[in-house]
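In: What shape does this take:
(chains A and B)
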Amino acid sequence: NAGVTQTPKFQVLKTGQSMTLQCAQDMNHNSMYWYRQDPGMGLRLIYYSASEGTTDKGEVPNGYNVSRLNKREFSLRLESAAPSQTSVYFCASSEARDRGHQPQHFGDGTRLSIL
Amino acid sequence: GQQLNQSPQSMFIQEGEDVSMNCTSSSIFNTWLWYKQDPGEGPVLLIALYKAGELTSNGRLTAQFGITRKDSFLNISASIPSDVGIYFCAGLSGGSNYKLTFGKGTLLTVNP
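Out: Numbering: from 1, shown residues only, chains lettered A, B, ... in the order given. Take a look at the predicted model:
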């Protein structure tokens, strides 16, 4: 049971470089999410995809783009990396329940450093 | 935006002690979730609460959805060393079925 798989696990970039973080889930969930986690800040939502073919901004979307490639895969792209984007990035997925309540299941994260 | 105030920020306890942590908000939430995060890993769901007043257990863990829908607590009984980690509360409000609001976490250290 892989659950939510993120690649790569670690990455170092130079300022201005671009990169795509990959996420895939094998639980047949409709909804997928990208978060960033910074020390003392908890998790903050960057973008989410309620269902295949839709994406919406979260709390901190600036500097990022996303693509919901299919039901399984949701990628996060940094077009021009900045040091402020140094963080741990988590992908999550969930399935709708009665009245929309839905626990989210997380991957193990991508640790990204931008120099 | 909505905020969750999670306390305490950190706890250092002896093995065998009970632990209590809570989250409060000025906003109403329809769902409360409690996650645990181990170093180098993603958050793992511990308990989900869907109704005001609901009390749910998962082994030595017990969580409650506050009657006012603005708070939740998590208790851990008879702590063991593997309970070490960061515990997060998270809430879903009626305004969105998708946007979880997270607390900033409680770092738990258990001394054997």
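In: going forward, measure contacts between C-alpha atoms and count neighbours the same way
Out: Noted.
In: ok, B:Gly66 touching B:Gly53?
Out: Yes - using C-alpha atoms under 8 Å, B:Gly66 is in contact with B:Gly53, at 5.4 Å.
In: more crowded one of these two?
Out: Legend: neighbour count by other C-alpha atoms under 10 Å in any protein chain shown for B:Gly66 and B:Gly53, higher for B:Gly66 (20 against 14).
In: Name the strands paired with the lowest-mean-pLDDT helix or strand in chain B and say parallel or antiparallel.
Out: Every helix and strand of chain B was ranked by mean pLDDT, DSSP states H and E. The lowest is strand B:101-102, at a mean of 90. Strand pairing for strand B:101-102, determined by DSSP bridges: strand B:85-92 (antiparallel).
In: Torsion angles phi and psi at the closest residue to B:Leu61 other than its chain neighbours?
Out: Closest residue to B:Leu61 in three dimensions, ignoring its sequence neighbours and counting by C-alpha to C-alpha, 6 or more residues apart in numbering or on different chains: B:Ile76, at 4.7 Å. The phi/psi pair for B:Ile76 (degrees, to the nearest 10) reads phi -120, psi 120.
In: hey, what's B:Ile76 bridged with?
Out: Bridge pairing for B:Ile76 - DSSP bridges - gives B:Val19, B:Leu61.
In: quick one: low-confidence ranges for chain A?
Out: Residues of chain A that meet the criterion pLDDT under 70 lie in A:1, A:96-102.
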